[in-house]
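[1] quick one, what's the 3D model for this:
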Amino acid sequence: MTSTFYGQAMQSIRHRLSYWQIAALAILAALWIALSIPLAFGCGDAEAFFLSTFKDYARSAHPYISLSHIFLRFWIAHSCLLVFGIAAVMLHKTDLLTVLIIGPLLAFLIALVSLQWSDPDWLIFTGVCLIGWLVGIVSGGVYCLYKLCVRPVEQRDEGERR
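    Next up, the predicted model:
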């Protein structure tokens, strides 16, 4: 009898994470690591790191001009998005994670399609991605506040109506 009780209790506590949630968090974490590398090796100056690493492969004279300021802001926005996404997964809010991911995904696709591959402008690419990440964070925050403020309306029983 006790094993059935504990089995039912543990079954209600266990929640399964879907594979797309794990994949989304893994992609966000891998991108966070990839964004942290230029900041760490460039001592906070991503522009200097990219110039020293990829200077021989650039077609234009200065393809990474003014990239450091926006790159740092993009890293901060991505860190916030990652923390917000981890919290959404830990609280089992798949709807919140979906809202968080839509903005960055659309912005990344727009930036990727509009990128001129012969001579890319990384400042514009990073700026478009930053806008998408901020849209994801703000829309996720607004959605979270909306879900907290709006309570489901309870239906009254037939006995209460009389």
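[2] show me where this protein has helices.
    Secondary structure of the chain (DSSP state H): helices at 2-13, 19-41, 46-54, 67-90, 94-114, 122-149, 158-161.
[3] flag every buried residue along the longest one.
    Under the neighbour-count criterion of 16 or more other Cβ atoms under 10 Å, helix 122-149 has 122-123, 125-137, 140, 143-144 buried. Any C-beta I mention is one placed from the backbone N, CA and C, and that applies to glycine too.
[4] quick one: mean pLDDT for that helix?
    Helix 122-149 shows a mean pLDDT of 93.
[5] name the surrounding residues that touch stretch 31-48.
    With contacts defined as Cβ atoms under 8 Å, 6 or more residues apart in numbering, stretch 31-48 is touched by 49-50, 64-68, 71-72, 74-75, 78-79, 82.
[6] rewinding a little: the helices of the chain: which one's closest to Ser60?
    With Cβ to Cβ, the closest approach to Ser60 among those belongs to helix 122-149: 10.4 Å.
[7] next one: that closest one to chain centre, how far?
    8 Å (Cα atoms, centre = their mean, to the nearest Å).
[8] one step back: among the contacts of stretch 31-48, which two are most distant?
    Ile65 and Leu82, at 27.7 Å, using Cβ to Cβ across these.
[9] so which of those two has more stuff around it?
    Leu82 (16 against 13; other Cβ atoms under 10 Å).
[10] apart from its chain neighbours, what residue comes closest to that one?
    Using Cβ to Cβ, 6 or more residues apart in numbering and skipping the chain neighbours, the partner closest in space to Leu82 is Leu28 (4.8 Å).
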